[in-house]
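**Student:** sequence and predicted structure, then a few things I'm wondering about:
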Amino acid sequence: MLDLKFIRSNPDKIREMLSNRKNDLDLSVFESIDRERREMLSRMESLRFQRNKVSDDIAAMKKSGQDASSVIAEMKKVSSEIKEIETVLSGIQEKLDGIIMTIPNMPHESVPVGSDEKDNPVIRTWGEIKEKGFEPIPHWEIGERLGILDFARASKLAGARFALYMGAGSRLERAIINFMLDTHVRVHGYTEVLPPFMVNSACMTGTGQLPKFKEDLFKIEGWDHYLIPTAEVPVTNIHREEILKEEDLPIHYVAYTPCFRSEAGSYGKDTRGLIRQHQFNKVELVKFSRPEDSWDELERLTADAEDILKRLELPYRVVTLCTGDLGFSASKTYDIEVWLPGQNLYREISSCSNFTDFQARRAEIRFKRKGAAGTELVHTLNGSGLAVGRTLVAILENYQQKDGSVIVPEALVPYMGGTKAISSRDS
RNA sequence: GGAGAGAUGGCCGAGUUGGCUGAAGGCGCUCGCCUGCUAAGCGAGUGUAGGGGGUAAACCUCUACCUCGGGUUCGAAUCCCGAUCUCUCCGCCA
């Protein structure tokens, strides 16, 4: 959510932003409703002023034994008028909120203008793509041949877009989770948290999933709860409606959670393998910072995510999302894309964003500067560190051998109980 | 699931015969004074949001907010109804 005053006083900037984002929202609707709301508001407030004043007079008259019945009768009319305006006003307010909630964040000035992912510039690449000397195969074939991924039985259990990991596959997923958590906690200095995997609608509104992206979420029937689509939601909302102290900042959290997404609208896309699932594991990094620090924090957050791929020796590249591809709440996003030889392409494995004060305003996450009056909104950031299932995909495809086995990356061997290679479900 | 208690400012905690209470008191915090340092002490200040005025500052003024949403009333933190959350006891259960 953007600042109401900012929207009001910078309509040209908003319009430019909307067109850069390929968003067809009509701002003039906002402008007319906003004007209407302010007119009603000042009318109501002056009536309330009158009512408060006369109520005091009535109290004084009663105290001194005077008859106040004629004034009371008059105030009765004023009161009912106030009530009428209140009703109208709350309708207007609701409409206005509805519009404000659908205006996306302002992209940072460094974000390139573009229409879709084809316009995302690659800003760096890391690692060497080696010739294997044989034709690499996609991870779903590797996994099924080794008996560590079973998509047929998964669909018996839950349908399409679910996976069943078996034996060494299951252990590898768990090893990746632990390796990522340990690295972020011990090396990068994050605080580990384990949040609820379902949250109420206030949290979903706070981080921007609601009201605009309802169809992407799984809702619990009969409850005000949703399965989380990312740990960003519960972890960012940890400090919802709080006033933090300046010396508490920055706050760095890392959380492992499963993520649940309906993937509405992605029918026919990535139907094979682990890439696009209704349930997947993710280790997420979340930061709260002072406004002046958030751009540095974004660079470091991205570097922390990249470090996992470096330690696993997986080739990757980093792209900056252009305005047309940028997410609703984000001001700037780096996508980290890992190399998948089995499919001969780069695939998103992490998305690192600075949301500036956009989420903080919705979620009312503020801080108080030492010695200064008043409060300010914090900046929130987050990024995958990394998507666990896709990391497993990258390991299978990059470390596959000619004989069908898969070498375990050195950094993961201790997490696999010493296992150096996977040649069957039980290896 | 059954029975009860409660939700007030950054925190603790008054206020329940409705009206000068945005809210006593304390803690914390900020600024100043004092003390050789520390501790203690003294004085002043200290909520949020939204309007309007003023040069964008200081400042002035209005409105709202005592969990949330309704209701009663000229007027509600205070009365009534509903919701949510917390706590205690009983039952049940991992």
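**Tutor:** On my side now, so go ahead. Residues are numbered from 1 along each chain as shown, chains lettered A, B, ... in the order given.
**Student:** buried set for stretch A:297-309?
**Tutor:** A:297-298, A:300-302, A:304-306, A:308-309 (16 or more other CB atoms under 10 Å). Quick note: C-beta positions are derived from backbone N, CA and C, even for glycine.
**Student:** element containing A:M40, please.
**Tutor:** Take DSSP states H and E as the rule and A:M40 turns out to sit in helix A:27-63.
**Student:** and that helix, what does it pack onto?
**Tutor:** In terms of contacts (3 or more CB pairs under 8 Å, 6 or more residues apart in numbering; DSSP states H and E), helix A:27-63 is packed against helix A:4-9, helix A:11-20, helix A:69-100.
**Student:** ok, the closest residue to A:D293 other than its chain neighbours - contacts?
**Tutor:** Closest residue to A:D293 apart from its sequence neighbours, by CB to CB, 6 or more residues apart in numbering: A:P250 at 6.3 Å. A:P250 sits next to A:287-290, A:293, A:297 when contact means CB atoms under 8 Å, 6 or more residues apart in numbering.
**Student:** model confidence for A:P250, exactly?
**Tutor:** On pLDDT, A:P250 comes in at 90.
**Student:** how close does it get to RNA strand B?
**Tutor:** Distance of A:P250 to RNA strand B, computed by CB to the nearest atom of the strand, to the nearest Å: 20 Å.
**Student:** so what touches the helix or strand of chain A with the lowest mean pLDDT?
**Tutor:** Of all helical and strand segments in chain A, the minimum by mean pLDDT, DSSP states H and E falls on strand A:242-245, at a mean of 81. The contact list for strand A:242-245 (CB under 8 Å, 6+ apart) reads A:251, A:288, A:364-368, A:370, A:375, A:378.
**Student:** switch to 6 Å and redo it
**Tutor:** The contact list for strand A:242-245 (CB atoms under 6 Å, 6 or more residues apart in numbering) reads A:366-368, A:375.
**Student:** still on that earlier bit, ok, of the buried residues of stretch A:297-309, which one's closest to RNA strand B?
**Tutor:** Sorting those by how near they are to RNA strand B, with CB to the nearest atom of the strand, puts A:E297 at the top with 22.9 Å.
**Student:** how close does that closest one sit to A:L381?
**Tutor:** Look at A:E297 and A:L381: by CB to CB, to the nearest Å, they are 6 Å apart.
**Student:** okay, and the common contacts of those two?
**Tutor:** Counting by CB under 6 Å, 6+ apart, the contacts common to A:E297 and A:L381 are A:K287.
**Student:** mind checking which of the helices and strands packed on helix A:27-63 is nearest RNA strand B?
**Tutor:** Among these, helix A:69-100 comes nearest to RNA strand B, with 3.4 Å by CB to the nearest atom of the strand.
**Student:** and A:S384, what are its bridge partners?
**Tutor:** Per DSSP bridges, the residues bridged to A:S384 are A:E284.
**Student:** before we move on, the earlier item: how about the helix holding A:M40: buried residues?
**Tutor:** In terms of neighbour count (16+ other CB under 10 Å), helix A:27-63 has its buried residues at A:30, A:33-34, A:37, A:40, A:44, A:47, A:54, A:58, A:61.
**Student:** pretty sure A:F179 contacts A:P414?
**Tutor:** No. With contact defined as CB atoms under 6 Å, A:F179 does not reach A:P414; the gap is 8.6 Å.
**Student:** which of these two has more neighbours?
**Tutor:** Remark: of A:F179 and A:P414, A:F179 carries more neighbours, 22 against 14, as counted by other CB atoms under 10 Å.
**Student:** now the contacts of A:P250 in TSV, please, with extra columns for secondary structure.
**Tutor:** Listed next are the contacts of A:P250 as TSV, based on DSSP: H, G, I helix; E, B strand; the rest coil:
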residue	secondary structure
A:K287	strand
A:F288	strand
A:S289	strand
A:R290	coil
A:D293	helix
A:E297	helix
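**Student:** what's the lowest-pLDDT member of these?
**Tutor:** Where pLDDT dips furthest among those: A:R290, at 89.
**Student:** which residues in the stretch 301-427 of chain A form strands?
**Tutor:** A:316-320, A:332-340, A:345-354, A:365-368, A:376-377, A:379-387, A:406-407, A:421-422 (DSSP state E, counting those that start in this stretch).
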